[in-house]
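> Following is a predicted model, sequence given first.
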Amino acid sequence: MIEPKRIELSVKAERAILIRTILPDQKHEETPLLELDKLARTAGAVVVENVVQNRQKVDPVYYLGKGKANVLADLCEDLCASVIICDDDLSPSQVKNLEKLTDTKVIDRSELILDIFATHAKTKQARMQVELAQMEYMLPRLKHLWSHLERIEGGIGTRGPGEKQLEIDRRIAAKKVRDLKKRLVKFEKVKEQEIISRRNFTKISLVGYTNAGKSTLMNALTGAEVLIADKLFATLDTKTSELNLGNGKKALLSDTVGFINKLPHHLIASFNATLEETIHADLLLHVVDISSPTAHEQIESVNRALKQLGCLTKPTMMVLNKMDAIDDLSTIAVFKKINKDCVAVSSKTGEGIAELKKKLLYYCGKDNEEIELVCENTNGKFFSYIYENLTVLNKTFQGNNTHFDLLVSKGQLEKLKRLKNDISAPKFKIIQGGA
C-alpha cells in the first residue's frame, strides 16, 4: 500500500471522518464530536461519518483499537473519505500507522485548528503568529514528514538522503522559529506602548469561547464594525474601540481571539501580543453563549485559558449572551445563582445592553470620589466640559448657580483643582468632597 503524501494541512472541500477515543475519566457527552464537527466544517470539510470508541487508555499504535481502526479503514473506502480528523493530538507514529492502514490522510485537532487560524489570519502580525505556532507544532514531526526518504541499506558511509535532509530541515525550521520570535517581540513592544498610552482609560476586554458572540456584543456596545460570522475563530486580530457609557464616562473595549476546549498551548504562546489587551485589562467581560448545551463546559475551558495567561484572578463580569435563542428563561436564573456578578443580554436584539452599560458605568466609577461643584449658569462651555468628561450623578438649580454632584477620578479631580486656580478659567467652587 502506498503511503499518502502529506502535502498540506488544509481540509477544504474534503470528505472527512471524525474520530475520538473516550477514556473513563472523561465526561459523558451526548454528542462527543460536536465541537470537532464545527471545527471541521469551519475549515471547509464535509463530515461524512463519526467514529467514537470507549477505551481504558489510548492505543499507542493506532489511537483507536486495532479492530476499530480496521473498521475505520473500511469506512474510508466505502465513503470515499479523503481525510481523517482526530479529536486529540496524535503522535507522529500514530499518524503514520493510521495513514498506512487506511490509505487516507490523517490530521489531529491541533493541526486542524492551526489550519483554521492560517485561513483567518489577515494582518501581518496574525500571519506571523500562526506561522510560528505551525513551525513549533511541526518541528517534532519532521522525522515523519521525511519518512519517504528511508536510510539506504548498506554499510558504514551509506547514510541515506532522508537523514541528511532531516538535519538540514531541522536547522532551517529552528532558525525560522527564532526569527519569527524576534520579529514578534517588536509587535509586543508596540502593543505595550499602546496600552501605556491608554492608562487614563478604563480598559475592558471581551473574553469567551469562540463563537459566543463577542464580536456581535462589541458592535452592540460601541457601534464598531467588527466582522461577524457564524464560524469558529472568525476574529483573530484585536479590535479596540471607545465605549461611551453615558454621563461623560468612557472606556476602551477590546475584542480578542476566542478560546476553545483543548486549545493548543503553543497557539496561546504565539498569540501573546494579541492577548496583551486581556492581560492588561482592568475588567474582563466573560461572554457566554447561554443557548449552548455545553455552556458550563465552555466556561471551564475559558477559565483554564485565562489561568494559563495569569488572568483568572482579574475582576470579571459574566455576560450571558444570546438570551433571544433560549425558550426557558429559568436557565438564566440558574447561571445567576452560580455567578452573582452577571447580566443577561441579546447582542442581536439589544435586550439587556442598557443594563450592562449601567453595570459597567458603576464599575468604572467605583474607585472614584463623589464631589459637589457649584458654578454660574452662564458657564456654557464649562457645562459642556463637565458632561463630556465627568460623571454627573445629580444636578440642581439655585438662583443663578447650578449644583452638580459628580463622580471623579483622582486625575480628574486634580485637573479640576488646577482649572479652579487658573485666572482665565470659568469660576466655580468645590464645596463638598475633594478636600
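Okay, I see it. Residues are numbered from 1 along each chain as shown.

> Point me to the helix or strand that includes E131.
According to DSSP states H and E, E131 maps onto helix 124-138.

> Show me what counts as buried in that helix.
Judged by neighbour count using 16 or more other Cβ atoms under 10 Å, the buried positions of helix 124-138 are 125-126, 128-138. All C-beta atoms are positioned from the backbone trio N, CA, C, and that covers glycine.

> counting contacts, what elements does it pack onto?
Counting contacts by 3 or more Cβ pairs under 8 Å, 6 or more residues apart in numbering; DSSP states H and E, helix 124-138 packs against helix 109-120, helix 161-197, helix 265-270.

> Deepest-packed of the ones you listed, please.
Each of those was scored by mean neighbour count; the highest is helix 109-120, a mean of 22, by mean count of other Cβ atoms under 10 Å.

> avg pLDDT for that helix?
The pLDDT scores in helix 109-120 average 86.

> Check the secondary structure at M218 for me.
M218 falls in the helix class when you classify it by DSSP: H, G, I helix; E, B strand; the rest coil.

> Please determine how far G399 is located from F117.
Between G399 and F117 the distance is 65 Å, computed by Cβ to Cβ, to the nearest Å.

> Sorry, slip of the keys, the one I care about is K417.
Plainly put, K417 is 50 Å away from F117 if you go by Cβ to Cβ.

> what do you get for N389?
41 Å.

> burial of V334, as a residue count?
V334: 12 surrounding residues under other Cβ atoms under 10 Å.

> Oops, could you answer that again for L252 instead?
Residues contacting L252 under the criterion other Cβ under 10 Å number 20.

> Helix or strand: which one has it?
strand 249-255.

> Report the inter-axis angle for that strand versus helix 161-197.
170 degrees (axes from the mean of the first three to the mean of the last three Cα atoms, to 10 degrees).

> Going forward, the N-terminal residue is numbered 2.
With 2 as the first residue, the last one maps to strand 250-256.

> Please produce TSV containing the helices and strands packed on helix 125-139, extended by distance to D26.
TSV is the format used below for the helices and strands packed on helix 125-139 (distance: least, Cβ to Cβ, whole Å):
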stretch	distance to D26
helix 110-121	18
helix 162-198	34
helix 266-271	20
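
> Lowest average pLDDT across the ones you listed?
Comparing mean pLDDT over the helices and strands packed on helix 125-139, the weakest stretch is helix 266-271, at a mean of 69.

> tell me what the helix or strand following that helix is packed against?
As assigned by DSSP H and E, the chain's next helix or strand after helix 266-271 is helix 277-280. Helices and strands touching helix 277-280, by 3+ Cβ pairs under 8 Å, 6+ apart, are helix 162-198, strand 203-209, helix 296-310.

> Quick one, which of these gets closest to K323.
K323 sits nearest to helix 296-310 of all these, at 9.7 Å, using Cβ to Cβ.

> thinking D256 is in contact with T239, fair?
Yes: counting by Cβ atoms under 8 Å, D256 does reach T239; the two are 7.0 Å apart.

> What distance do you get for K382 to K250?
Counting by Cβ to Cβ, the separation of K382 from K250 is 20 Å.

> Same check on P294?
Distance, P294 to K250, using Cβ to Cβ: 37 Å.
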